[in-house]
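S.K.: okay, predicted coordinates and the sequence, questions at the end:
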Amino acid sequence: VKKALGRFDGIYVETSTMKKALEKAGFSNIYILKNCKNLDILDEKSLNKNYGKPIRLCTFSRVVKEKGIEDAVNAVKEINSKLGETQFALDIYGAVDEQYKDRFENLKNTFPDYIRYRGEVAFDKTTQILENYDILLFPTHYFTEGIPGTIIDAYSAGLPVISSRWQSFDDVIEDKKTGIGYEFGSYEALVNTLYDVKDNMQQVIDMKCNCIKKAYEYTTKYVVNTFVEDSGISVN
């Protein structure tokens, strides 16, 4: 397979992490072609920089255990319970994986009133939904995620991201600028990160403009132009 792939004019991957791994394996025909979307990017002047209690969290991905949905639910419940007040509220968006439906129904039965499942959102409505939140949670258990579309959605709405540090984390999130990373696979690290955020919400609010600027790097025009320039492909 390696010999056959080596004859390709190009193999296109989403992140520099993937590119470096394949180059280490002996490939020289690797190019970065990032995930991209044409979304309505919120104007910086429209950013809501106010915050209060509860801090509004959401997940915005396929609803399945491996996306860390249960970590998000349990962390919010644990913190609110220990503090004796609703410090965080969590809304869950996305299609429920067919094999996860029964388990998720049981999970929903444990939801307090500050955790809700909000269903699916049309692709052209993501910005106007997400702009109503303070933070996107992305507690993925998939170490080999590329560029998750949900993070592009979040950036377009000026929404900082709290995420586990998957393999390509540094390709997508600028730590302390567009989001906050925590140790991959560590539920305790997620809880501790949320405690820190609770006490430093201004830091999160200050990231919003950075997220808007980052969103433009994932527009189709920017990605394609950069790809053509970096790859040296001739375009007529």
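M.R.: Everything's here; your move.
S.K.: give me the pLDDT for the residue nearest to the spatial centre of the chain.
M.R.: Central residue of the chain (C-alpha atoms, centre = their mean): I151, 3.3 Å from the mean position. On the pLDDT scale, I151 is placed at 97.
S.K.: does it sit in a helix or strand, and which one?
M.R.: helix 149-156 (DSSP states H and E).
S.K.: beyond that helix, next helix or strand please.
M.R.: On the C-terminal side of helix 149-156, the nearest following helix or strand under DSSP H and E is strand 161-164.
S.K.: now the next helix or strand along the chain from that following strand: average pLDDT?
M.R.: The helix or strand immediately downstream of strand 161-164 is helix 169-172, counting by DSSP H and E. Computed over helix 169-172, the mean pLDDT rounds to 96.
S.K.: begin at 552 from now on, thanks
M.R.: Yes, from this point I'll number from 552; that puts the last item at helix 720-723.
S.K.: output the next helix or strand after helix 720-723 as CSV, nothing but the C-alphas.
M.R.: Sequence-wise, the next helix or strand beyond helix 720-723 is strand 730-733, with elements assigned using DSSP H and E. Backbone C-alpha positions of strand 730-733 (Å, rounded to 0.1, in the frame of the first residue of the first chain) are rendered in CSV as follows:
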residue,chain,number,x,y,z
GLY,A,730,-9.5,28.0,23.9
ILE,A,731,-8.2,26.0,26.8
GLY,A,732,-6.8,22.5,26.6
TYR,A,733,-6.7,19.8,29.3
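S.K.: can you tell me what sits against the worst-scoring helix or strand of the chain on mean pLDDT?
M.R.: Lowest on mean pLDDT, DSSP states H and E among the helices and strands of the chain sits helix 771-782, with a mean of 87. Helix 771-782 has contacts (C-beta atoms under 8 Å, 6 or more residues apart in numbering) with 561, 582-589, 767-768, 784, 786. Glycine gets a C-beta too; all of them are placed from N, C-alpha and C.
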